[in-house]
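Engineer: Got a predicted structure here, sequence first:
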Amino acid sequence: MTDAAVNRNIVTVRDVDKIFKRGSEEIHVLGGLDLEIPEGEFLALMGPSGSGKSTLLNLIGGLDRPSQGVLEIGGERIDQLSDRRLAAWRARHVGLVFQFYNLMPMLSAQKNVELPLLLTHLSRAERKKRARIALDIVGLAHRMGHYPRTLSGGEQQRVGIARAIVTDPTLLLCDEPTGDLDRKSGDEILDLLQALNREQGKTVVMVTHDIHAAARASRTLYLNKGQLSTEPEE
Amino acid sequence: MKYLYLVWSNLMRKKLRTLLTLLSILVAFLLFGYLGAIRQGFSQGIDVAGLDRLIVRHKVSIIQLLPQAYEARIEQIDGVEDAVYQTWFGGIYQKPTNFFAQMPVEPDQYLDMYPEFLLPAEQRAAWLKTRSGAIAGRSTAERFGWKIGDRIPINATVWTRKGGELTWEFDLVGIYDGAEKGTDTTQFLFRYDFFDESRQFGQGMVGWYTVRVADPDRAAEIAAAIDAEFANSPYETKAEPEGAFLQGFANQVGDIGFIMMSIIAAVFFTILLVAGNTMAYAVRERTNELAVLKAVGFTDGGVLALVLGESLVLTALGGGIGLGLAWLLVSAGDPTGGSLPVFYIPARDLAAGGVLILLMALIAGILPALQARRLRIADALRR
């Protein structure tokens, strides 16, 4: 467990199924899955490709809907929200970090970070100020005018993290955040995520294939054939 | 407005593609505006034609003459307030390409019949005093640099003078303006009495009549009464509303409106495909980015609006500049060097241009926008 205070469960997943349909075929990715994540935890989700890690992350982040079951995040049943309310919920409560950064190539680092703030009523000056603070946290305030193509992979991922934290979300969801980075850059990103978890109390859920990355988490769960366990499958 | 930079940055992603699409739209709206002005020119002021005015011409053709004596008989018909006559002179000023309408008229009656021709009182008085006096519309006077006091020589193509002389000389005593934008200010008018006495043949004959009726609602009935009055005479007439007459006159060179609309429709259809293609590509190649927007909290409707916004900015920019350029070109003068009686982009065409911009933006953008709206985040992020 980390130094951050661990209180109530911020994520409760109960009896969740996720079935994908491919033509007439049904693919059961998650089946009757249960998971509880206490507030302030840094959880690593591991498992082989196709085991449903990213699917579970998408469900927790409100990017997808379960075929069945309960998803309660921060006390709110997000599986029952309309698409519109779910989008608003994501904007308020979730920060997403992607493997391939997913920055807008036509926007500067600052404008990329500002994107989620466009959905708020903040003034232009306030948006800029908050973007600068977020970039400062990830150590890139001096590069806020740079475009993604002029940044290294590690720097782009840090911009991605700044975008994820700029709205001060309760939940930080990271899908293979170091998967596209070399060891050194990956370590820097993991340092950053760890600091966000320990110093700012962010609940972090990180999907990874990398044991080295998972070691930074306070808890690691393994997903295999749609089921969670505390031990990797032999 | 806070989303504008997002829209703009997306359009700037492929600058060349955006520029080419923009130019295509620009050309379409430039043509739309310019052809609209030409169509207006050919319609010769149909829009400002008097509802209370009829034109009475020879039943067979406008080029066949009617007796001047018809004036009194027309004025006696119930419902007719006044009748004036005009004759097509068809002369040449300096060279044949210097086309403009020249007509002998009765000054007072004519100006009373056409109150939209604004002539200062002293110039009107001068015209009444000067037998060889003539007045010109402002645009023709400016076209040839005429000023009051000039002597204007016009060579006859039909109406030779007694003795076979071709050249008629007129003293310019007035320059009239139009009360409305569509008023024809290209005419050159001179006195009928001077013309009738001086011409070699055709005395007592005139080209056509303009008749003002007391009640426009009775125009059709009065037109029928006029035609009935002269039925079975050597000079049967055809009376019709002034607007219909002018339209018929314009249609002598083909249905200009239809020709113009056909060209514009073909151009717009092509441009619509170009713009639609641009928008479709613009959305398809950034599926992942649209998914990220949704992931950070943009709603389906918000993403739809963003894509439609791009389409709108593109068409509004291209269409706006195109219409603006058309306006500038039209302001520089008509392409015939002044032969079109009126040459301007009517306000209704500008409004139609605005509506077309909106329609084009909607039609070009709606399918890609719906595609963006339907995008499932989890699926799109995996691509």
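Structural biologist: Noted; the coordinates are in hand.
Engineer: Which parts of chain A are strands?
Structural biologist: A:9-22, A:25-38, A:42-46, A:68-73, A:76-77, A:94-97, A:171-175, A:203-207, A:219-224, A:227-229 (DSSP state E).
Engineer: contacts for the fifth one?
Structural biologist: By Cβ atoms under 8 Å, 6 or more residues apart in numbering or on different chains, the list of residues contacting strand A:76-77 from outside reads A:V70, A:L71, A:W89. For the C-beta atoms, the positions are set from N, CA and C on the backbone; glycine is no exception.
Engineer: And those, which is closest to chain B?
Structural biologist: Within the contacts of strand A:76-77, the smallest distance to chain B is 8.3 Å, found for A:W89 (Cβ to the nearest Cβ).
Engineer: Now do that closest one: how many residues are near it, please.
Structural biologist: 18 (other Cβ atoms under 10 Å in any protein chain shown).
Engineer: Kindly report the same for A:R14.
Structural biologist: Neighbours of A:R14 under the rule other Cβ under 10 Å: 15.
Engineer: coming back round to it: next, format the contacts of strand A:76-77 as TSV and append pLDDT and distance to chain B.
Structural biologist: Formatted as TSV, the contacts of strand A:76-77 follow (pLDDT from 0 to 100; distance: Cβ to the nearest Cβ, whole Å):
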residue	pLDDT	distance to chain B
A:V70	95	19
A:L71	95	14
A:W89	95	8
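Engineer: Up against chain A, what does the stretch 151-300 of chain B have?
Structural biologist: Residues of the stretch 151-300 of chain B found near chain A (Cβ under 8 Å from any Cβ of the partner chain) are B:N288, B:E289, B:V292, B:L293, B:K294, B:A295, B:V296, B:G297, B:F298, B:T299, B:D300.
Engineer: so which helix or strand takes in B:L272?
Structural biologist: helix B:256-284 (DSSP states H and E).
Engineer: Would you mind checking the residues of the stretch 151-300 of chain B next to chain A for buried ones?
Structural biologist: Among those, those scoring as buried are B:E289, B:V292, B:L293, B:K294, B:A295, B:V296, B:G297, B:F298, B:T299, B:D300 (criterion: 16 or more other Cβ atoms under 10 Å in any protein chain shown).
Engineer: Count the neighbours of B:R73 for me.
Structural biologist: The burial count for B:R73: 14, using other Cβ under 10 Å.
Engineer: who touches it in this structure?
Structural biologist: B:R73 sits next to B:E229, B:F230 when contact means Cβ under 8 Å, 6+ apart.
Engineer: Is it part of a helix or strand, or is it coil?
Structural biologist: Following DSSP: H, G, I helix; E, B strand; the rest coil, B:R73 is assigned to helix.
Engineer: For chain B, what's its nearest residue on chain A.
Structural biologist: A:A91 (2.5 Å).
Engineer: sorry, back to before: nearest to A:G32, out of the contacts of strand A:76-77: which one, please.
Structural biologist: When the contacts of strand A:76-77 are compared for distance to A:G32 (Cβ to Cβ), A:V70 wins out at 11.5 Å.
Engineer: Looking at the stretch 201-350 of chain B, which residue is nearest chain A?
Structural biologist: Residue of the stretch 201-350 of chain B nearest chain A, by Cβ to the nearest Cβ: B:G297 (2.5 Å).
Engineer: Grab the nearest non-local neighbour of that residue.
Structural biologist: Distances taken as Cβ to Cβ, 6 or more residues apart in numbering or on different chains put A:A91 closest to B:G297, at 2.5 Å, once the chain neighbours are dropped.
Engineer: ok, now B:F195?
Structural biologist: B:P104 (3.6 Å).
Engineer: where's the one you found, which helix or strand?
Structural biologist: Per DSSP H and E: strand B:102-105 holds B:P104.
Engineer: quick revisit: of the strands of chain A, which shows the lowest average pLDDT?
Structural biologist: The minimum mean pLDDT among the strands of chain A belongs to strand A:227-229 (a mean of 88).
Engineer: Now find how far off-centre it is within its chain.
Structural biologist: The chain centre lies 19 Å from the centre of strand A:227-229; the measure is Cα atoms, centre = their mean, to the nearest Å.
Engineer: what's the burial count for the residue nearest to B:F195?
Structural biologist: The burial count for B:P104: 25, using other Cβ under 10 Å.
Engineer: Spit out the contact partners of it.
Structural biologist: B:Q86, B:T87, B:F89, B:L189, B:F190, B:R191, B:Y192, B:F194, B:F195, B:D196.
Engineer: that older thread, is it possible to export the residues of the stretch 151-300 of chain B next to chain A to JSON lines including secondary structure and distance to B:A223?
Structural biologist: JSON lines is the format used below for these (DSSP: H, G, I helix; E, B strand; the rest coil; distance: Cβ to Cβ, whole Å):
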{"residue": "B:N288", "secondary structure": "helix", "distance to B:A223": "70"}
{"residue": "B:E289", "secondary structure": "helix", "distance to B:A223": "67"}
{"residue": "B:V292", "secondary structure": "helix", "distance to B:A223": "71"}
{"residue": "B:L293", "secondary structure": "helix", "distance to B:A223": "66"}
{"residue": "B:K294", "secondary structure": "helix", "distance to B:A223": "67"}
{"residue": "B:A295", "secondary structure": "helix", "distance to B:A223": "72"}
{"residue": "B:V296", "secondary structure": "coil", "distance to B:A223": "71"}
{"residue": "B:G297", "secondary structure": "coil", "distance to B:A223": "69"}
{"residue": "B:F298", "secondary structure": "coil", "distance to B:A223": "65"}
{"residue": "B:T299", "secondary structure": "coil", "distance to B:A223": "63"}
{"residue": "B:D300", "secondary structure": "helix", "distance to B:A223": "61"}
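Engineer: tell me which of those residues is nearest to A:N102?
Structural biologist: B:V292 (4.6 Å).
Engineer: Give the residue spans of chain A that score low on pLDDT.
Structural biologist: A:1-7, A:234 (pLDDT under 70).
Engineer: run the last query once more with 90
Structural biologist: Within chain A, the segments meeting pLDDT under 90 span A:1-8, A:20-29, A:31, A:49-51, A:74-75, A:170, A:179-181, A:183, A:224-227, A:229-234.
Engineer: Quick check: residues of it near chain B?
Structural biologist: A:54-55, A:58, A:61, A:63-64, A:83-84, A:87-88, A:90-92, A:96, A:98, A:102, A:104-107, A:111, A:115-116, A:118-119, A:124, A:163.
Engineer: follow-up on the earlier one: quick check: the farthest pair among the residues of the stretch 151-300 of chain B next to chain A?
Structural biologist: Greatest spatial distance among these (Cβ to Cβ): B:N288 and B:T299, at 18.1 Å.
Engineer: Find the residue at the geometric middle of the chain.
Structural biologist: Let's take chain A. Nearest residue to the geometric centre of chain A (Cα atoms, centre = their mean): A:L173, 1.2 Å.
Engineer: sorry, should have said chain B
Structural biologist: Nearest residue to the geometric centre of chain B (Cα atoms, centre = their mean): B:Q40, 1.1 Å.
Engineer: Leaving out the residues flanking it, which one is nearest to that residue?
Structural biologist: Leaving out its chain neighbours, the residue that sits closest to B:Q40 by Cβ to Cβ, 6+ apart is B:P346, at 5.4 Å.
Engineer: hang on, isn't the one you found packed against B:L35?
Structural biologist: No: between B:P346 and B:L35 there is no contact under Cβ atoms under 8 Å: 12.0 Å.
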